[in-house]
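Chemist: Return a 3D structure for these sequence lines:
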Amino acid sequence: MAQVCACGEYFEVNDEGELCLVPGTMGPRQVVTFGSPGTFQFEKADYPWLARVRAHVQAGGGGSAGADSDPAEAIFRPGGAGGGYSMSLIEASLLGAVETVVVGAGGAGGNGNNPGVAGGGSSFGGLVTATGGDGGSAGMTTGTGATTASGVAGPFGGAGTIAMGGGAGEGAIRLSGTSGLAGMGGASHLGHGGYGRATNGVGGTSRGWGGGAGGAVSINGTAQPGTDGGNGLVFIELYG
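Modeler: This is a model prediction of the structure:
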C-alpha cells in the first residue's frame, strides 16, 4: 500500500481528516492597495486564511505657496515638506474585525501670496500612522534685494515598527529682481519632491507618492500659483 508523508511544520490533519496547510506558513498571498485619497474599510473576514499583514502607510506631501510679485520685482518660494511613512508587521489576531484605512491627500498649492496647505495624514486603523508634510511658506515679500526664505521642516514620525518623518522643503533665495532659486520639495519614502526652479512659473510637481511640491517663482508682476503636494498611499501585504 502506498503511503504519503507530509511535513508537520507545514501540514496538519483537521477534524474532518483533511490534510491542510498550517495557518501562517503560506507566505505572501495578496497585496491590497488604497491609492486614492479618502477613507476606506479593511475587513478581516474577507480573507479567512489571513495570518498576518504588513501595512505600509505613506502620508501626503505639502503644497507650495503662491507667488505674486510687483512689477520689476520678484518672489521665490520654498518647497513643501514630504509626508511621513510608517510600516508594521501585525498578526491577524491583533486586528479588529474592520480596520479603517485613511489615505491623505497632497496639500493644495497656495494662490496669490498665500502659503501651501499641509498634506493629509495616512493610517491603517490606529496601528500604523504617518503625518503629512507641511505646506511651503509665503514669508518672502516682493522686492529686488538679495534675501532668503527658510525651508519647511519635515514632519515627525508617526506610529509603527518603522516610523519616519518626511523630508524638509528646501529654502529659497533671491539675488535680484530677476534672478534667484525656488526651493525643492521634500522627499518622502515613496516619492520625490518637486524641482526647484529659477525661472518664472509654477512650483515643480512631485513624483511617486507623498513628495512635497517645489516652490513657485514670480518675476515682474506675473502671478504664479503654488503646486499641490503628492498624494499619500496605503498598501497592505497579506500573508497566509
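Chemist: give me phi/psi at residue 109?
Modeler: For residue 109, the backbone dihedrals are phi -70, psi 150 (criterion: degrees, to the nearest 10).
Chemist: ok, now residue 44?
Modeler: Comment: the main-chain dihedrals of residue 44 come out as phi -60, psi -30, following degrees, to the nearest 10.
Chemist: correct me, but it touches residue 91?
Modeler: No - Residue 44 sits out of contact with residue 91 when judged by C-beta atoms under 8 Å, with a separation of 11.5 Å. Every C-beta, even on glycine, is put in place using the N, C-alpha and C of the backbone.
Chemist: These two: who's more crowded?
Modeler: Between residue 44 and residue 91, counted using other C-beta atoms under 10 Å, the more crowded position is residue 44 (15 against 12).
Chemist: any idea how far that one is from residue 94?
Modeler: From residue 44 over to residue 94 the distance is 10 Å, taken as C-beta to C-beta, to the nearest Å.
Chemist: and the next element down the chain from the lowest-mean-pLDDT helix or strand in the chain?
Modeler: Evaluated with mean pLDDT, DSSP states H and E, the helix-and-strand set of the chain has its lowest mean pLDDT in strand 19-21, which scores a mean of 66. Moving toward the C-terminus from strand 19-21, the next helix or strand (DSSP states H and E) is strand 28-34.
Chemist: Give me the buried positions along that following strand.
Modeler: Applying a neighbour-count criterion of 16 or more other C-beta atoms under 10 Å, the buried positions in strand 28-34 are 32, 34.
Chemist: Quick one: list the elements packing against that strand.
Modeler: Other helices and strands packing on strand 28-34, by 3 or more C-beta pairs under 8 Å, 6 or more residues apart in numbering; DSSP states H and E, are strand 233-239.
Chemist: And the strand it packs on, how far out from the chain middle?
Modeler: Relative to the mean C-alpha coordinate of its chain, strand 233-239 is positioned 15 Å out (C-alpha atoms, centre = their mean, to the nearest Å).
Chemist: Can you list the strands that it pairs with?
Modeler: Each strand pairing with strand 233-239, determined using DSSP bridges, is listed with its direction: strand 28-34 (antiparallel), strand 52-58 (antiparallel).
Chemist: Other residues contacting it?
Modeler: The list of residues contacting strand 233-239 from outside it, by C-beta atoms under 8 Å, 6 or more residues apart in numbering, reads 24, 26-35, 42, 47, 50-58, 101-103, 122-124, 190, 209-210.
Chemist: Check stretch 139-151 too.
Modeler: Contacting residues not belonging to stretch 139-151 are listed as 68-70, 72-79, 137, 168-177, 183, 218 [C-beta under 8 Å, 6+ apart].
Chemist: gap between that stretch and the chain center?
Modeler: Worked out by C-alpha atoms, centre = their mean, stretch 139-151 lies 28 Å from the chain centre.
Chemist: Buried residues of it, list them for me.
Modeler: Residues of stretch 139-151 classed as buried by neighbour count (16+ other C-beta under 10 Å): 140, 142, 147, 149, 151.
Chemist: just stretch 219-229 next, same as before
Modeler: Within stretch 219-229, judged by 16+ other C-beta under 10 Å, the buried ones are 219, 224, 225, 226, 227, 228, 229.
Chemist: list the contacts for the nearest residue to the third one once chain neighbours are set aside?
Modeler: Of all residues not flanking residue 225 in the chain, residue 66 sits nearest, at 4.9 Å (C-beta to C-beta, 6 or more residues apart in numbering). The neighbours of residue 66, taking C-beta under 8 Å, 6+ apart as the test, are 77, 109-114, 138, 216, 223-226.
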